[in-house]
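Trainee: prediction below, plus the sequence it came from.
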Amino acid sequence: MTPEEFQRIKEAEKKHLRELNKLKKMAKRLQRQKKVNKALSDLVAGREDVLSAHDRAMEKVERETALGEARLDIALEQAQAAASDDAALEDDFQKVRARELLRQMKLVSGMQQTPVNKTEVPKHKTPAKETSKKPAAPKAEDAEAPEKPPGKLPDKTIGRMKP
């Protein structure tokens, strides 16, 4: 082999190695680009999943809010109806109380001698008639005497017999 042939082969080998390195760099760059593209597509898909989950959660919250508002509206309507019923009952109660007070004043002053029919007596208690009743205290005899169980006690027991 002559030195010129050696140089030519050497130059061809260098050229081949440079092209090979260039191809390897290009392959690495393509693989890196492929990984970046895959990561971006995963992010986009993840973002879409997150957005769809967010949309579902918002729809659920909106439904629950609408349901709660409807229940609140119904409760407010019922409360208003009950308040108007209470006002009517209070008016009736005041009228009955006024009649009872008038009757009591007539009895006290001696204007009315005969008692009023039982049909005219109101069913509601008036503040003038209310009295505080205390429950009767238990008798000393009842407190000291223990209760006796009905019937005959068994001969043997496990533990104590409770009265």
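Mentor: Yep, it's here.

Trainee: tally up the residues packed near Lys25, please.
Mentor: 10 (other C-beta atoms under 10 Å). C-beta: built from backbone N, CA, C; applies to glycine.

Trainee: what helix or strand is it on?
Mentor: Counting by DSSP states H and E, the element that carries Lys25 is helix 3-109.

Trainee: mean confidence score for that helix?
Mentor: Per-region confidence: helix 3-109 scores 91 on mean pLDDT.

Trainee: centre of the chain to that helix, how far?
Mentor: 20 Å (C-alpha atoms, centre = their mean, to the nearest Å).

Trainee: for that helix, packing partners?
Mentor: On a contact count with 3 or more C-beta pairs under 8 Å, 6 or more residues apart in numbering; DSSP states H and E, helix 3-109 meets no helix or strand.

Trainee: quick thing: my sequence starts at 256, can you match it?
Mentor: In the new numbering, first residue 256, that becomes helix 258-364.

Trainee: return the distance of the spatially most central residue of the chain relative to Val316.
Mentor: The chain has Gly323 as the residue nearest its centroid, 10.9 Å off, counting by C-alpha atoms, centre = their mean. Gly323 is 10 Å from Val316, where distance means C-beta to C-beta, to the nearest Å.

Trainee: check Met256 too.
Mentor: 84 Å.

Trainee: with Gln359 instead?
Mentor: Going from Gln359 to Val316 by C-beta to C-beta gives 61 Å.

Trainee: the two: who's more crowded?
Mentor: Taking neighbours as other C-beta under 10 Å, Gln359 and Val316 compare with Gln359 leading, 14 against 10.

Trainee: pLDDT score assigned to Ala383?
Mentor: At Ala383, pLDDT is 50.

Trainee: what's the answer for Arg415, then?
Mentor: At Arg415, pLDDT is 73.

Trainee: where's it relative to Ala337, distance?
Mentor: 54 Å.

Trainee: which of those two has more neighbours?
Mentor: Comparing Arg415 with Ala337 by other C-beta under 10 Å, the one with more neighbours is Ala337, at 10 against 6.

Trainee: mind listing what the more buried one touches?
Mentor: For Ala337, the contact set (C-beta atoms under 8 Å, 6 or more residues apart in numbering) is empty.

Trainee: and Glu355, how many neighbours?
Mentor: Neighbour number of Glu355 under other C-beta under 10 Å is 19.

Trainee: what about Leu362, how many neighbours?
Mentor: There are 14 residues near Leu362, going by other C-beta under 10 Å.
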